[in-house]
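Undergrad: heads up, no residue letters with this:
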């Protein structure tokens, strides 16, 4: 069978091709395509030194025009070899090419689970700070064909702190002319096309130039766009939600949870329940978290299966109320050591009696106290080993006005 020159490679062909080209381009270590996990492992002297998950880059490759796919493959290979290209030894020489990078927190948390790092240890050699609940700000050294994420050791070698370097990075980014489009009276889309548009979220000096109503509300659905509007701008919020709905499949997806500027800090934001766009943003939040919890559940199940640990990883589910409100729920079953996702509703079940209590998460937690043990997992999970007393179940009540969707 002859493949059409217009058709992209299959997943297996893509992985095998990328692995072969990385090796041919000069990678001295062993390069292995792990087809079942769709990733590439690079080992040096029997030690894993790099791991590439291929899903996002494969989606981007498939989305390219046929005549652009070869360039895309070359760029992937160059990115894989970037660890062999050292930044300048002198800080003054490196400064012009230091840039800020906004990344998904989930990317690094899932890597931590894949590498089986202890809870709370999130690739500690990569300094960062949080933006809202779901994003991280990091530093990269900008190479012509790729970027290299900067480590604590590299900053130490240069004799600069993370925050000093971040100020330099933001100054470098601010010096680049950006492309801003306006729709309506106060909805803005920053789409410069240089892979740093999401990073412009950090340029707070940009905001006074924008005519917005209320507090600044921002969103970075993927790496190549920054959306900004005002908390009192109903039309702007509608446009932001509409743009976000089409971003979940973007290969550089970040987060569709909006952010509000609180002083000089971006915090995760949700319109009040009586807001005309509340349901739109609730669905964006739920869809964002559902994908994160599903992937986390898969990784935890694989980890506990290898360890022989009898811990049940509960599912993050969605339900619809009789009033048409969609929300998340999870089930806490008696007698089972469980990791519960944090959800809007929490139902408690007995193996023989079914659902015996349930209601709002905060209400259940207030009643059961320390039975819900916090972990450092992201997205958030709580460990339960025991089960509430009958007195506590009575205090919680049994709210069954929701049906699984």
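TA: That came through, no problem. Just so it is clear, the model here is predicted, and its values are computed rather than measured. Numbering: from 1, shown residues only.
Undergrad: Now do residue 188 against residue 240, distance only.
TA: Noted for residue 188: a distance of 10 Å to residue 240, by CB to CB, to the nearest Å. Using the backbone N, CA and C atoms, a C-beta is placed for each residue, glycine as well.
Undergrad: Which residues are in contact with each of the two?
TA: Common neighbours of residue 188 and residue 240, using CB atoms under 8 Å, 6 or more residues apart in numbering, are 227, 229.
Undergrad: These two: which is more packed in?
TA: Ranked by neighbour count (other CB atoms under 10 Å), residue 188 and residue 240 place residue 240 first, with 28 against 24.
Undergrad: who's in contact with the more buried one?
TA: By CB under 8 Å, 6+ apart, the contact set of residue 240 is 187, 217, 219, 227, 229, 258.
Undergrad: Please give me every residue in contact with the third one.
TA: For residue 219, the contacting residues are 226-227, 240, 243-244, 255-259, taking CB under 8 Å, 6+ apart as the criterion.
Undergrad: So what does it have for phi and psi?
TA: Main-chain torsions, residue 219, degrees, to the nearest 10: phi -150, psi 140.
Undergrad: What pLDDT does the model give it?
TA: Note on residue 219: pLDDT of 98.
Undergrad: The last one now?
TA: In the prediction, the pLDDT value recorded for residue 258 is 97.
Undergrad: With the fifth one instead?
TA: Residue-level confidence at residue 229 comes out at 98, pLDDT.
Undergrad: What strand or helix carries it?
TA: Assigned by DSSP states H and E, residue 229 falls within strand 226-230.
Undergrad: Within the helices and strands, which one has residue 339?
TA: Assignment of secondary structure by DSSP H and E places residue 339 within strand 338-341.
Undergrad: Any buried residues in whichever helix or strand comes after that strand, and which?
TA: Next along the chain after strand 338-341, taking DSSP H and E as the criterion, comes strand 345-350. Counting neighbours by 16 or more other CB atoms under 10 Å, one finds that the buried residues in strand 345-350 are 345-349.
Undergrad: And for stretch 88-96?
TA: When burial is assessed from 16+ other CB under 10 Å, stretch 88-96 yields the following buried residues: 91, 94-95.
Undergrad: among the residues you listed, which are in helices?
TA: 91, 94 (DSSP state H).
Undergrad: and residue 263, how many neighbours does it have?
TA: Using other CB under 10 Å, the number of residues around residue 263 comes to 7.
Undergrad: Now do the phi/psi pair for it.
TA: phi 70, psi -110.
Undergrad: quick one: which of the contacts of residue 240 is nearest residue 137?
TA: The nearest member of the contacts of residue 240 to residue 137, counting by CB to CB, is residue 219 at 15.6 Å.
Undergrad: And that closest one, how close does it get to residue 19?
TA: Computed as CB to CB, the residue 219 to residue 19 distance reads 36 Å.
Undergrad: who touches residue 374 in this structure?
TA: Shown in contact with residue 374 (CB under 8 Å, 6+ apart): 380, 382.
Undergrad: need the strands for the stretch 301-405 of the chain, in chain order.
TA: Assigned by DSSP state E, counting those that start in this stretch, the strands in the stretch 301-405 of the chain fall at 312-313, 317-321, 326-333, 338-341, 345-350, 354-360, 373-374, 381-384, 402-404.
Undergrad: Now render these as JSON lines, adding distance to residue 99.
TA: Listed next are the strands of the stretch 301-405 of the chain as JSON lines, based on distance: least, CB to CB, whole Å:
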{"stretch": "strand 312-313", "distance to residue 99": "37"}
{"stretch": "strand 317-321", "distance to residue 99": "38"}
{"stretch": "strand 326-333", "distance to residue 99": "36"}
{"stretch": "strand 338-341", "distance to residue 99": "34"}
{"stretch": "strand 345-350", "distance to residue 99": "42"}
{"stretch": "strand 354-360", "distance to residue 99": "43"}
{"stretch": "strand 373-374", "distance to residue 99": "35"}
{"stretch": "strand 381-384", "distance to residue 99": "33"}
{"stretch": "strand 402-404", "distance to residue 99": "45"}
